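In: model this:
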Amino acid sequence: MTAEFLWGGRARPTRGPKPALTLDGIAGAAIAVADAEGLGAVSMQRVAAELGFTKMSLYRYLPGKAELIAVMVERALGRPPALTSPGWRPGLEEWSRLLFGRYLAHPWSIEATVGRRPLGPHEIGWMECALARLEGLPLRGAERLDTIAVLAGHGRTLAQQAAAMLGETEMIAAMAEILRLHGERFPHLTATMADAAGEEGAGQAFEYGLARILDGLEVLISSRR
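Out: As a prediction, this is how the structure comes out:
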């Protein structure tokens, strides 16, 4: 598969009768399946059936499943946001929260954006949006790229946990039961859990991690000015 497909290289079928489908419609049907049942449930045949067409009908619009998933990712991410928060840190906070929201809305997109694959204009646009907020800061090119990779990775990890129903609340409840039975073997964890019980901010792992990442970046930037 080439990235040209995502950049308008094959927008309409080149032969046959007037198109009865659109790429956006096909992607929408595929996303509905993935949202409900996971990425593994998506196939050309399944999506065609959802649309009331044959599997071969989709090949007039898409070369195969890999291209279908790529179009799904583009549609799920959507156009890059127009950030409204002033300054580099508030801007990156806004960007990270918006991207986290996209992953939460479509957990399958985490699996779909791993490994070697073509990149579309929306995904590249999200990167451009974040890098624009780092413009003019005393950071090397690799550091700017690593910054957005760390921020995106933080959101991906927390969204993946949420999708697997392993959120912080559920994890704490599971650990509490273990410590009730075996707490003497884990004194430090038992003491920490007791301190954390009832504290404000519990269940805010995404916001906590985001703040600590940006705290560290702010220290680095300040040290170079």
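
In: the helices in the chain, which residues?
Out: 23-37, 44-51, 55-58, 65-77, 88-105, 108-112, 121-133, 141-163, 168-182, 187-196, 205-223 (DSSP state H).

In: for the last one, what is the average pLDDT?
Out: Just to be clear, that refers to helix 205-223. Helix 205-223 shows a mean pLDDT of 96.

In: any regions of the protein where pLDDT drops low?
Out: Applying pLDDT under 70 to the chain flags residues 1-3, 9-19, 165-169, 198-203.

In: try 90 this time
Out: Scanning the chain for pLDDT under 90 picks out the ranges 1-24, 60-64, 66-67, 114-119, 160-177, 180-181, 183, 189-205, 225.

In: residue at max distance from the center of it?
Out: Centroid-distance maximum for the chain: Glu184 at 39.4 Å, with Cα atoms, centre = their mean.

In: any figure for the gap between the residue nearest the centre of the chain and Ser57?
Out: In the chain, the centroid-proximal residue (Cα atoms, centre = their mean) is Tyr103; its distance is 3.6 Å. From Tyr103 over to Ser57 the distance is 31 Å, taken as Cβ to Cβ, to the nearest Å. The way it works is simple: take the backbone N, C-alpha and C, and place the C-beta from them, glycine included.

In: ok, now Gly91?
Out: 44 Å.

In: try Glu218
Out: Taking Cβ to Cβ as the measure, Glu218 falls 53 Å from Ser57.

In: and Leu217, by the same measure?
Out: Distance from Leu217 to Ser57, by Cβ to Cβ: 49 Å.

In: before we move on, the earlier item: so which of the helices of the chain gets nearest Trp7?
Out: Nearest of those to Trp7, taken as Cβ to Cβ: helix 121-133 at 6.2 Å.

In: residues contacting that closest one, please?
Out: With Cβ atoms under 8 Å, 6 or more residues apart in numbering as the test, helix 121-133 has contacts from 6-7, 73-74, 77-81, 83, 88, 91-92, 95, 99, 113, 144-145, 147-148, 151.

In: what subset of these is buried?
Out: Buried by 16 or more other Cβ atoms under 10 Å: 6, 73-74, 77, 80-81, 83, 88, 91-92, 95, 99, 113, 144, 147-148, 151, out of the contacts of helix 121-133.
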